[in-house]
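# coordinates for the following, if possible.
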Amino acid sequence: MHLALLVCAPALFVATLALDNGLMRTPPMGWLAWERYRCDIDCDSDPKNCISENLFMDMADRLSEDGWRELGYVYVNIDDCWSSKERDNQGRLQPDPKRFPGGIKKLARYLHDRGLKLGIYGDMGTYTCGGYPGTPVEKIEIDAQTFAEWEVDMFKYDGCYSNATEQEQGYPLMSKALNATGRPIGYSCSWPAYQGGLPPKVNYTQLGEICNLWRNYGDIQDSWDSVLNIIDWFFDNQDVLIPAAAPGRWNDPDMLIIGDFGLSMDQSRSQMALWAIMAAPLFMSNDLRTVSSGARNILQNKMAISINQDPMGIQGRRILKEKSGIEVFWRPLSNNASALVFFSRRTDMPYRYHTSLAKLNYTTGSYKIFDVFTDKATTLKDATEFVVSVNPTGVVMWYVSAPAKLNLRLFYEGGSFQSSTYRDDENAIPRVFL
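Purely as a prediction, here's the structure:
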């Protein structure tokens, strides 16, 4: 879904609407078609890889049979280009009968029988980004009811071919319409991505009251440059984005492309680690029928998933940005634990980074350290100097079990979130924690 030109009218606060569906108290997880399959509807030439019910049934089988479902990957999400080019005689959306001969409701029940959930896509413009019938304001109620009758579990509402006024009206109205169906349907909004992602055009208080998750930024592509661009935007704007996230309301940096063509194994670990730090939805967009064992091990890493799914739902932040090209990220977790990620922007060779937990403002004590991607465990005292070797474009990710409650002043100061520290001197104490 290529984002349309940004429009400039400010978002309006709608105090009368509030999302109260009780869904997605931790970031949703599953599989999403778009990045890997786009609008491939040529089922005659490539029946296994076109947007059809067979593709989604295949992915459902893999999620239910290959250990994904038990880890939390339960959504199978259809994206653009699933429908017919025309609505039916009652004005309802209808799936392309050639590619979805059983209909969406049959597909939903296929997933539900396997303990999975179905997501579907719409657009508030006259057309979807791919040129299929949209869901403009006057069609919101009938389409929400249709999705509920089809037993859909999640709805993504894009914004191509719409303007700011329509978005201000349509996104809250769709939230109200979905809730009115009586069926629990998770709601993903692309609204902020069409408004530049930042205040004053984007009202994150309102978004948290009408949406379960929202796309803040542009579409991910199958390349490291794309992943790095998204990482930079989210952490450069972390002081705005962190307060917006909480159980049931998530910033969405877009899909995991691990297992596709553009990332090395180190880069794949980096995406998984930083999406976990961001408390991001984990929607894979790959071919689960052929995914490599290396990519599978990263995507099925139980500790990385548990960090992502931490029930406190606090989005993490970048705390250090070193001249050496090393960046350090931190996220508070339940049970007074935390996650640390050491990330290398270097492209030359592994870098040996020297620091201590005390320099990262951990309180006095001994900490149990679990390395997420090597499964190695150790114990570190706060003042003990240590070295982590971080591969180019790679990460070292730690789960840190704290001996005492962390002081959340290292995250807040005076009621507001603090900015990152950009240090000229290596390994100084970051002012963000003082």
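
# how far away is the spatially most central residue of the chain from G131?
Against the mean C-alpha coordinate of the chain, by Cα atoms, centre = their mean, the closest residue is P281 at 3.0 Å. Relative to G131, P281 is positioned 26 Å away (Cβ to Cβ, to the nearest Å). C-betas here are computed from N, CA, C, even on glycine.

# run a quick neighbour tally on D375.
Neighbourhood size, D375 [other Cβ atoms under 10 Å]: 10.

# now do I142
I142 - counted by other Cβ under 10 Å - has 16 other residues nearby.

# surely it touches G91?
Yes: with contacts counted by Cβ atoms under 8 Å, I142 reaches G91, the gap being 6.2 Å.

# quick revisit: these two touch, right, the residue nearest to the centre of the chain and D252?
Yes: because the distance of 5.2 Å satisfies Cβ under 8 Å, P281 is recorded as touching D252.

# overlap of the contact sets of those two?
In terms of Cβ atoms under 8 Å, 6 or more residues apart in numbering, P281 and D252 are both contacted by the residues L213.

# got a list of what D310 touches?
T26, A279, R331, L333, S334.

# now do it against A304, distance only.
11 Å.

# circling back: filter the contacts of D310 down to the buried ones, ChimeraX style.
Command for ChimeraX, covering only those of the contacts of D310 found buried under the criterion 16 or more other Cβ atoms under 10 Å:
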select :26,279,331,333
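
# quick one, helices of the stretch 51-200 of the chain?
In the stretch 51-200 of the chain, the helices defined using DSSP state H, counting those that start in this stretch lie at 53-65, 103-112, 140-149, 164-180, 191-194.

# now the angle from the longest one to helix 140-149?
Meaning helix 164-180. 40 degrees (axes from the mean of the first three to the mean of the last three Cα atoms, to 10 degrees).

# what residues of helix 164-180 count as buried?
164, 166-179.

# what packs against it?
helix 140-149, strand 154-158, strand 186-189, helix 191-194, helix 204-210 (3 or more Cβ pairs under 8 Å, 6 or more residues apart in numbering; DSSP states H and E).

# between the ones you listed, which gets nearest to G125?
Nearest to G125, of all the helices and strands packed on helix 164-180, is strand 154-158, at 8.0 Å by Cβ to Cβ.

# which other residues reach the closest one?
Against strand 154-158 from outside (Cβ under 8 Å, 6+ apart): 1, 28, 75, 77, 79-80, 117-125, 128-129, 135, 144, 147, 170-171, 174, 178, 185-191.

# relative to helix 164-180, how tilted is it?
Using the same axes, to 10 degrees: strand 154-158 against helix 164-180 is 170 degrees.

# sheet partners, orientation included, of strand 154-158?
strand 117-123 (parallel), strand 186-189 (parallel) (DSSP bridges).

# adding distance to R318, write those strands out as JSON lines.
Formatted as JSON lines, the strands paired with strand 154-158 follow (distance: least, Cβ to Cβ, whole Å):
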{"stretch": "strand 117-123", "distance to R318": "30"}
{"stretch": "strand 186-189", "distance to R318": "25"}
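
# let's have these in CSV, adding mean neighbour count.
Formatted as CSV, the strands paired with strand 154-158 follow (neighbours: other Cβ atoms under 10 Å):
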stretch, mean neighbour count
strand 117-123, 25
strand 186-189, 25
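
# mind checking which of those is nearest L357?
So among the strands paired with strand 154-158, strand 186-189 is nearest, using Cβ to Cβ, at 37.4 Å.

# rounded mean pLDDT for the closest one, please.
On average, the pLDDT along strand 186-189 is 98.

# so how far is that strand off the chain centroid?
12 Å (Cα atoms, centre = their mean, to the nearest Å).

# contacts made by that strand with the rest, please.
In contact with strand 186-189 (Cβ under 8 Å, 6+ apart) are residues 19, 21, 23-24, 28, 119, 153-157, 171, 174-175, 178, 207, 210-215, 252.

# ok, G218 touching A193?
Yes: using Cβ under 8 Å, G218 is in contact with A193, at 6.7 Å.

# between these two, who's got more neighbours?
Relative neighbour count places A193 above the other of G218 and A193, with 23 against 15, counting by other Cβ under 10 Å.

# where does the closest residue to P199 other than its chain neighbours sit: helix, strand or coil?
Ranked by Cβ to Cβ, 6 or more residues apart in numbering and with sequence neighbours excluded, the top spatial neighbour of P199 is V240, at 6.5 Å. Assigned with DSSP: H, G, I helix; E, B strand; the rest coil, V240 falls in the helix class.

# so for V240, what's the pLDDT?
Reported pLDDT for V240: 98.

# and for A4?
For A4, the predicted pLDDT is 36.

# next, count neighbours for the closest residue to L282 other than its chain neighbours.
Sequence neighbours aside, M29 is the residue nearest to L282 in space, at 4.4 Å (criterion: Cβ to Cβ, 6+ apart). Residues lying near M29 (other Cβ under 10 Å) number 23.

# change the start of the numbering to 44 and stick with it
Sure, I'll start numbering at 44, so the last one becomes M72.

# can you report phi and psi for the residue nearest to F416 when sequence neighbours are not counted?
In space, F416 comes closest to R312 once its chain neighbours are excluded; the distance is 5.6 Å by Cβ to Cβ, 6+ apart. Backbone dihedrals for R312, given as degrees, to the nearest 10, come out at phi -60, psi -40.

# quick one: residues contacting R312.
Per Cβ under 8 Å, 6+ apart, neighbours of R312: I341, F416, G437, V438, M440.

# considering these, which possesses the most neighbours?
When neighbours are counted by other Cβ under 10 Å, M440 leads those with 27 neighbours.

# surely it meets D414?
Yes: with contacts counted by Cβ under 8 Å, M440 reaches D414, the gap being 7.2 Å.

# roughly how far apart are G337 and G302?
9 Å.

# between the two, which has more neighbouring residues?
G302 (21 against 14).

# so how far is G115 from the more buried one?
Distance, G302 to G115, by Cβ to Cβ: 17 Å.
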